[in-house]
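A.B. asks: From the sequence below, what's the structure:
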Amino acid sequence: MSEARTPAQIEADIVRRRDQLAVTLDEIGVRLHPRTIVGDAKAKAKSAVDETAGRAFVAVNRKVTDVRAQFVDADGAPRMERLVPVAVVAVAVVGLLVFSTRRRGR
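C.D. replies: The predicted structure is shown next:
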């Protein structure tokens, strides 16, 4: 059989449990406070945006690197055989836009 506890031991246990309960209730109060809930929601949203922006940056950077590789060789010199046709097409498109704009203005 276990030893009988004294009234002082029982009272000390009650005080200890009351203190533990008070701490637990304080923690629950902080977690359920509207500012805490809003702060947590903001932090989650910011984290999601940061993660999405990071992924987008990596994807765009990869595409830019791929496109750059099409027009520049490994040494960094321009690939004229690819740049010249693109430049000719760009000049033709700009010329057509200018021509059509001037034609509509008359």
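
A.B. asks: any idea where the helices of the chain begin and end?
C.D. replies: Across the chain, reading from the start of the chain, the helices by DSSP state H fall at 7-32, 34-71, 80-105.

A.B. asks: now these in CSV, with mean pLDDT and mean neighbour count?
C.D. replies: To be clear about C-beta, it is placed using only N, CA and C from the backbone, and glycine gets the same treatment. CSV is the format used below for the helices of the chain (pLDDT from 0 to 100; neighbours: other CB atoms under 10 Å):
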stretch, mean pLDDT, mean neighbour count
helix 7-32, 96, 10
helix 34-71, 95, 10
helix 80-105, 91, 10
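
A.B. asks: What separation is there between the most centrally placed residue in the chain and Val64?
C.D. replies: Note on the chain: the residue nearest the mean C-alpha position is Asp50, at 1.5 Å, using CA atoms, centre = their mean. According to CB to CB, to the nearest Å, Asp50 stands 21 Å off from Val64.

A.B. asks: same check, this time on Gln9
C.D. replies: 73 Å.

A.B. asks: can you check Val86 too?
C.D. replies: Taking CB to CB as the criterion, Val86 is separated from Val64 by 16 Å.

A.B. asks: cool, and Val30?
C.D. replies: 46 Å.

A.B. asks: Sweet, I'm off.
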